[in-house]
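Asks: Need a 3D model of the following:
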Amino acid sequence: MTAIKHALQRDIFTPNDERLLGIVNVCKAGKKKKNCFLCATVTTERPVQVKVVKVKKSDKGDFYKRQQTWELRDLTEVDAKDASKENPEFDLHFEKVYRWLASSTAEKNSFISCIWKLNQRYLRKKVEFVNVSSQLLEESVPSGESQSVAGGDEDALDDYQELNAREEQDIESMMEMCEYAISNAEAFAEQLSRELQVLDGANIQSIMASEKQVNILMQLLDEALGEVDTIEGKLSSYEEMLQSVKEQMDQISQSNRLIQISNTNNGKLLDEIQFLVNYMDLSKGHIRALQEGDLTSPKGIEACINASEALLQCMNVALRPGHEKLMAVTQQQLLFAELRDTFARRLTNHLNNVFVHQFNHFSHFKMTIPQFYRSSCLSLPGHDQSSTLSQHTAELMLPKHSPLHRDLLRYAKLMEWLKNTHREKYEGLSRTYVDYMSRLYEREIKEFFEVAKIKMAGTTKEAKGKFGLHGSSGKLTGSTSSLNKLTVQGSNSRRSQSSSLLDMGNMSASDLDVADRTKFDKIFEQVLSELEPLCLAEQDFISKFFKLQQHPTVMPPLAQPETEEPDGNMPSRMAPQAEHRHSLSSEKDMVRLMMNKIFQSIETELNSLIALGDKIDSFNSLYMLVKMSHHVWTAENVDPASYLSTTLGNVLVTVKRNFDKCISGQIRQMEEVKISKKSKVGILQFVTGFEEFAELAETIFRNAERRGDLDKAYVKLIRAVFMNVEKVASESQKTPRDVVMMENFHHIFSTLSRLKISCLDAERREAKHKYTDHLQSYVINSLGQPLEKLNHFFEGVEARVAQGVREEEVSYQLAFNKQELRKVIKEYPGKEVKKGLDNLYKKVDKHLCEEESLLQVVWHSMQDEFIRQYKHFEDLIGRCYPGSGITMEFTIQDMLEYFSSIAQSH
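Replies: Numbering: from 1, shown residues only. Model prediction:
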């Protein structure tokens, strides 16, 4: 290795001004490749650079070449693999990890020691050494080749130390003493060698002279070795004593460890036993309550509730791994299952008996409405039962089921237990309850609505014959008056005369007055007021008793409500069971499903009652729309998804449809109105009918939620009234068109102004405009030209002026001279004018009706128009016949007296 080191220094490193300090023969770990050398070098120039160089022998010749170089400052870690055993492998961590296998452990240790020294001197302990013996890092490796390598490295490091100033002076003085120290270096070296030999001889002689001291030193060393042997003997005896103590301590430690393990195991076993005893033990009292507990008394029910909750806790306890393999646990689980099945069976049988008993109790008082009640509508005498169905129906009240609910709610917690433990029995009880209650409610509701229908229709045979519960049809004729006679043609599907706008003006004489409508309103409100708390109470009970108001769950297979065959009256509401199992997932849907089954007859009965009210009087739809809207709004505020809200919402659609049909029927009857050809028209019946309808509607819809529906109906009706007034006016032969338009639109304007219906403001202004226009048109057409010849004369004058003749030259025209003017004026003395006006007053009086009292208004308008014409004639005389002194035979004051006297005389 020394020869290789010298060769590498000479051939590779000396030319590069580098000094080789450490070398190791390596190959890559795990690969069969040729060996190479890792060399640790330093540069001879400052600043010093420390490198690790990989050198490989060339394949073509016997020389070495540098293959790879790493800076030592890039080295982060040296891993010797094992600090206690000899292992030639080691790793160098540069930018990546390089794994090497040295030819011997000694070479590896020598190289690592060299790296450590370089790290200490130049890198300030930057490199980390792992799995390296501390002895190796502190001193050089003894023995053999490694010692020589390490020593050589250490000498090389010492030789490389920088000369201090004194050493430099000594060398310079020594070289100055020899003249040829620089010119002949070999001679100077031989001289130094001779001087060194002389010094070595002197040293040897000095050493030989000190032989006696050496012998004394050797003797002392022998004595020291003897003492060392004595101490080693004592240490050996002490070690044997300590060894026995160590063995005893090991045995004690082992015993303590076993005792600790045993205690730990015993503690865990005790915890497991306590866990099983605490959570899987059911007291004898609970077992007795589950097997024999009284389900009728409050104390017995409370005991059963506590026992069932304890059983459920025991059954739901989360067992730890391995518990299920214990025989005691298996036996307890079998006991719990048996107790659960036994109590579930007892509870189911008892609740079934309670359902049957309660149903029979309410059915015991079942009584159909007696025949004499149908004719008298009085309460039944001789019945003392305060809660009998007959008394409730006589008073239009539904029986209260709060006692039944109160009795059953005691079992609510047991039903929750049954729901969590025996789903099948829970579902069976649900079906049983729904079945019994649906039959009970169906009978009660049917009788309740039958009483309501009789109260609505009345008790006399006349009322039944008029409105009969089976309907009627025929040809209907309107009322007549002294002013006009209108004939209303009806079809087979038309409603009765009392419900038409045409007959509203005659309403005080009909059977259906305000009192009848108020009675109907109270009955309908009573029906809804009885149904609403009944449905809410039943839904609240179902939620509490069956525990359906808390968490979503899968719907139980309850008995599905039977769907009615679609017959045009009521659409089928319930889907098949298979669809609901997939579509309904929440417990609210379950509650609604049970309510649909229990109260499946409510919607049908409500629709039937609404149809009857609509048949009695179509205006009842106004009352029903307001009442039903209010109850739907109230129900939606409580629970928008409740059964009551949904059902009333569906019925509200029917009521709204009837209301729309009522409005359409009134419009149709307006369109079919025909007037008499022999009598004057006056105020049309549907105009006064609209007034009555608006007054009634405003009273009913005051503060109502569905005001928008009425506003839409108003707009439809008023447009139909406008259109048909114009139609009747155009067809009128007896009464002038302008009179019909003027009177009826004046009445409409007065009605809208008095009622102040905001949505009809535009129609009110339009009515006023039409009234004013037709008043003016009638005045002009009726007044015409009362001074006919005088009118023709001045028309000719105006025609000449229009042709270009100057106004002051008109009097020179032959046909329009002053003589002709005086002749025409003399034909109209005051007496003739008054006579003409009197005939005009009689004509106007004949045209106008008395109801609207427009005669004086029209007469005053004619007076104004006549005065306007008079002033126009005087103006033409003044402009075309100036200074002629020609005037009319009467004055404006005379005309005012004429008009006033004629009005007073009539």
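Asks: Where does residue 39 sit: helix, strand or coil?
Replies: strand (DSSP: H, G, I helix; E, B strand; the rest coil).
Asks: And the residue sitting furthest away from the middle of the chain, its phi and psi?
Replies: Distance from the centre of the chain peaks at residue 209, with 114.2 Å (C-alpha atoms, centre = their mean). The phi/psi pair for residue 209 (degrees, to the nearest 10) reads phi -70, psi -20.
Asks: Need the pLDDT of residue 353.
Replies: For residue 353, the pLDDT comes out at 90.
Asks: mind starting the numbering at 57 from now?
Replies: Sure, I'll start numbering at 57, so the last one becomes residue 409.
Asks: any idea how far residue 352 is from it?
Replies: Using C-beta to C-beta, to the nearest Å, residue 409 is found at 10 Å from residue 352. Using the backbone N, CA and C atoms, a C-beta is placed for each residue, glycine as well.
Asks: now the strands for this structure?
Replies: Secondary structure of the chain (DSSP state E): strands at 74-84, 92-99, 106-113, 120-127, 133-135, 145-149, 153-158, 184-186.
Asks: Could you dump those into JSON lines and include mean neighbour count?
Replies: Below are the strands of the chain laid out as JSON lines (neighbours: other C-beta atoms under 10 Å):
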{"stretch": "strand 74-84", "mean neighbour count": "21"}
{"stretch": "strand 92-99", "mean neighbour count": "22"}
{"stretch": "strand 106-113", "mean neighbour count": "18"}
{"stretch": "strand 120-127", "mean neighbour count": "13"}
{"stretch": "strand 133-135", "mean neighbour count": "17"}
{"stretch": "strand 145-149", "mean neighbour count": "20"}
{"stretch": "strand 153-158", "mean neighbour count": "17"}
{"stretch": "strand 184-186", "mean neighbour count": "15"}
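Asks: List of residues touching stretch 396-404?
Replies: 346-347, 351, 360, 363-364, 367, 371, 467, 470, 474, 477-478, 481, 484-485 (C-beta atoms under 8 Å, 6 or more residues apart in numbering).
Asks: Run through the bridge partners of residue 146.
Replies: Following DSSP bridges, residue 146 is listed with bridge partners residue 156.
Asks: Would you mind confirming that it is in contact with residue 165?
Replies: No - in terms of C-beta atoms under 8 Å, residue 146 does not count as a neighbour of residue 165; the distance is 9.4 Å.
Asks: which residues sit against stretch 182-195?
Replies: Contacts of stretch 182-195 (C-beta under 8 Å, 6+ apart): 128-129, 131-140, 165, 168-169, 171-172, 175.
Asks: Can you say which of these are buried?
Replies: 128, 131, 134-137, 165, 168-169, 171-172, 175 (16 or more other C-beta atoms under 10 Å).
Asks: Tabulate these (TSV), appending pLDDT and distance to residue 815.
Replies: Shown next, in TSV, are the buried ones among the contacts of stretch 182-195 (pLDDT from 0 to 100; distance: C-beta to C-beta, whole Å):
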residue	pLDDT	distance to residue 815
128	89	101
131	90	97
134	90	100
135	90	97
136	88	103
137	85	101
165	89	110
168	89	106
169	90	110
171	90	104
172	90	105
175	87	102
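Asks: if we can go back for a sec, what's the PyMOL syntax to select whichever of the contacts of stretch 396-404 are buried?
Replies: Remark: buried members of the contacts of stretch 396-404, expressed as a PyMOL selection using 16+ other C-beta under 10 Å:
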select buried, resi 346+351+360+363+364+367+371+467+470+474+477+478+481+484+485
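Asks: got a list of what the nearest residue to residue 767 once chain neighbours are set aside touches?
Replies: Spatial nearest neighbour of residue 767, chain neighbours left out: residue 815 (4.1 Å); criterion: C-beta to C-beta, 6 or more residues apart in numbering. Going by C-beta under 8 Å, 6+ apart, residue 815 touches 767, 770-771.
Asks: and the end-to-end length of stretch 128-138?
Replies: 23 Å (C-alpha to C-alpha, to the nearest Å).
Asks: Now do it: everything it contacts.
Replies: 96, 106-108, 143, 145-151, 164, 168, 171-172, 174-175, 178-179, 182-189.
Asks: tell me the mean pLDDT over stretch 822-829?
Replies: For stretch 822-829, the per-residue pLDDT averages 89.
Asks: if we can go back for a sec, show me the one of the strands of the chain that comes nearest residue 702.
Replies: Nearest of these to residue 702, taken as C-beta to C-beta: strand 153-158 at 77.1 Å.
Asks: how does this structure divide into domains?
Replies: Domain assignment of the chain by the TED database yields the ranges 57-192, 340-426, 845-961.
Asks: quick one, helices of the stretch 407-556 of the chain?
Replies: 427-432, 445-450, 458-464, 468-477, 479-513, 517-523 (DSSP state H, counting those that start in this stretch).
Asks: For the ones you listed, give me CSV that also has mean pLDDT.
Replies: Below are these laid out as CSV (pLDDT from 0 to 100):
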stretch, mean pLDDT
helix 427-432, 36
helix 445-450, 45
helix 458-464, 88
helix 468-477, 89
helix 479-513, 89
helix 517-523, 38
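Asks: what about these, which gets the closest to residue 63?
Replies: Using C-beta to C-beta, the helices of the stretch 407-556 of the chain put helix 468-477 closest to residue 63, at 93.5 Å.
Asks: so what does the closest one touch, helix or strand wise?
Replies: helix 354-371, helix 383-420, helix 479-513, helix 570-601 (3 or more C-beta pairs under 8 Å, 6 or more residues apart in numbering; DSSP states H and E).
Asks: I'd like to know which elements the third one is packed against.
Replies: Using 3+ C-beta pairs under 8 Å, 6+ apart as the contact criterion, the neighbours of helix 479-513 among helices and strands are helix 383-420, helix 445-450, helix 468-477, helix 517-523, helix 570-601, helix 643-654, helix 658-672.
Asks: how about those helices, which one is nearest residue 753?
Replies: Short answer: helix 570-601, nearest of the helices and strands packed on helix 479-513 by C-beta to C-beta, at 11.8 Å.
Asks: Compute the mean per-residue pLDDT across that closest one, please.
Replies: Mean predicted confidence for helix 570-601 is 85.
Asks: Residue 951 and residue 916: what is the separation?
Replies: 13 Å.
Asks: higher neighbour count, the two?
Replies: residue 951 (19 against 13; other C-beta atoms under 10 Å).
Asks: Report how many residues lie close to residue 865.
Replies: By other C-beta under 10 Å, neighbour count at residue 865 equals 11.
Asks: Same question for residue 179.
Replies: 14.
Asks: separation between it and residue 134?
Replies: 12 Å.
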